[in-house]
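Q: Return a 3D structure for these sequence lines:
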Amino acid sequence: MKEININNQTKYSLELILSEADKNLSDLLKSVDQNSNRSFLVFGVYLSLVTYSFLEIMKHNYLYSIFFIGSIISCVILSKNLMPNLRKIRGSVPTDILHEYFNQFEGVTLEKEYLATQIQSYNDSIMSNKVLISKMTKRFINSFKFILLIAILFAIVYIKIIIQCNY
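A: Numbers count the residues shown, from 1 in each chain. Purely as a prediction, here's the structure:
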């Protein structure tokens with residue numbers, strides 16, 4: 001992010017920007033949580049498909065190996081969504097605020113410089129979380145597309161077997 005020129009800003013405008021950044025980051029963090037929760041639900045469905053397919057394979061119904069392998073691959077695709085490790089939270093790192101750089105400022109200028117630093121920290125967190133949400137959404141969609149493809153493949157093979165049995 002381009003460094004904020006505090007001379008062009010009032011303390012009030014910086015507080016307003018920080019407040020809006022906080023709202024934006026809060027919404028993004030909620031979105032990350034919702035995406036993670038949805039992924040847990042879908043992961044559970046995939047695991048139930050793995051279990052059911054495994055039981056069918058144990059009964060020598062090897063057609064279900066398609067679902068077994070597909071569900072495992074879908075679980076692997078989705079696994080990074082369950083506990084994202086690159087999630088950025090609110091606030092500034094204390095070392096950013098308690099830096100020698102700030103010793104040259106006093107009064108309102110110091111407060112404005114602190115606010116500018118917090119805004120930059122929020123901006124970095126917001127951008128990082130937007131990238132995280134994008135990746136999580138792509139993984140979620142890809143896992144769903146893959147399991148749908150596996151279901152279609154299973155249906156085609158199953159129908160082919162039924163047609164062959166009738167002839």
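
Q: Contacts only, for residue 140.
A: Neighbouring residues of residue 140 by C-beta atoms under 8 Å, 6 or more residues apart in numbering: 35, 38-39, 42, 78, 81. Glycine gets a C-beta too; all of them are placed from N, C-alpha and C.

Q: Confidence-wise, which of those comes last?
A: Sorting the contacts of residue 140 by pLDDT puts residue 81 at the bottom of the list (85).

Q: Which positions within stretch 64-80 qualify as buried?
A: For stretch 64-80, burial by neighbour count (16 or more other C-beta atoms under 10 Å) applies to 64, 66-68, 70-72, 74-75, 77-78.

Q: what distance separates that stretch from the centre of its chain?
A: Remark: stretch 64-80 is offset 19 Å from the chain centroid, using C-alpha atoms, centre = their mean, to the nearest Å.

Q: okay, that stretch in CSV with CA atoms only?
A: Written as CSV, here are the backbone C-alpha positions of stretch 64-80 (Å, rounded to 0.1, in the frame of the first residue of the first chain):
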residue,chain,number,x,y,z
TYR,A,64,-18.2,-48.0,-5.2
SER,A,65,-14.4,-47.7,-5.4
ILE,A,66,-15.2,-44.8,-7.8
PHE,A,67,-17.0,-43.0,-5.0
PHE,A,68,-14.3,-44.1,-2.5
ILE,A,69,-11.4,-42.6,-4.4
GLY,A,70,-13.4,-39.5,-5.5
SER,A,71,-14.5,-38.7,-2.0
ILE,A,72,-11.0,-39.0,-0.6
ILE,A,73,-9.7,-36.7,-3.3
SER,A,74,-12.5,-34.2,-2.6
CYS,A,75,-11.6,-34.4,1.1
VAL,A,76,-8.0,-33.6,0.3
ILE,A,77,-8.9,-30.7,-1.9
LEU,A,78,-11.2,-29.3,0.8
SER,A,79,-8.9,-30.0,3.8
LYS,A,80,-7.0,-26.6,3.7
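
Q: Perfect, I'm done here.
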